[in-house]
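> need a structure here:
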Amino acid sequence: MWWFFCRGGRFLKIELCKVKPKAESEKQVHHEAPKKVQGCTSAYIGNLAWDVTEADLRKFFKKCKIDAIRFALDKESGEFRGFGHIDFADDESLEAAIKLDQQLVCGRPLKIAYSVPKRIQRDRSTEQLDRTKQPKTCFTCNEPGHMSYNCPKKELV
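Just a heads-up that it's a prediction; the model follows:
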């Protein structure tokens, strides 16, 4: 630890960074695989080779009925991000695909898991309307029906 005298008559305390080693429980973090959502027939596919094509995946999943293959692309550059999603025609095809997890495609072990459904986005326009339906309460007298700038009990200056 060092003390320095700075401009303005103040002392500046400087200490070396102290790095704490990670606990054994923090070193290995394993996330639980996503659970299957009722009615969802889509699967996440990850660890894809950069040169993989839709034809390669259709050949790999030849025993499964595929509706669509969607590769994830970067929003700004449009480049492939190394993962995607496959929509299957039925539940049996999805289950058969999940069993192929960690099999090699284009020289890389393919990660296959159930897709996580999109988060439901709240409709902000209805929230705003709901707020306007609430009765207005005065901050001055705490009575509903008017605002504090129109309060009849407020003293005029």
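
> just the strands in the protein please.
Assigned by DSSP state E, the strands in the chain fall at 2-5, 11-14, 42-46, 66-73, 80-88, 104-105, 108-109, 111-114.

> just give the nearest non-adjacent residue to Asn150, would you?
Cys138 (7.9 Å; CB to CB, 6 or more residues apart in numbering). Where you see a C-beta, it was placed from the backbone N, CA and C, and this is true even at glycine.

> isn't that neighbour up against Tyr149?
No: contact criterion CB atoms under 8 Å: Cys138 and Tyr149 do not qualify, at 9.1 Å.

> higher neighbour count, these two?
More crowded of Cys138 and Tyr149, by other CB atoms under 10 Å: Cys138, with 18 against 9.

> any stretches of the chain with poor pLDDT?
Counting by pLDDT under 70, the chain has low-confidence residues at 1-7, 9, 12, 22-31, 119-135, 155-157.

> kindly check the end-to-end length of stretch 87-94 for me.
End-to-end distance for stretch 87-94, by CA to CA, to the nearest Å: 8 Å.

> I appreciate the help and will end here.
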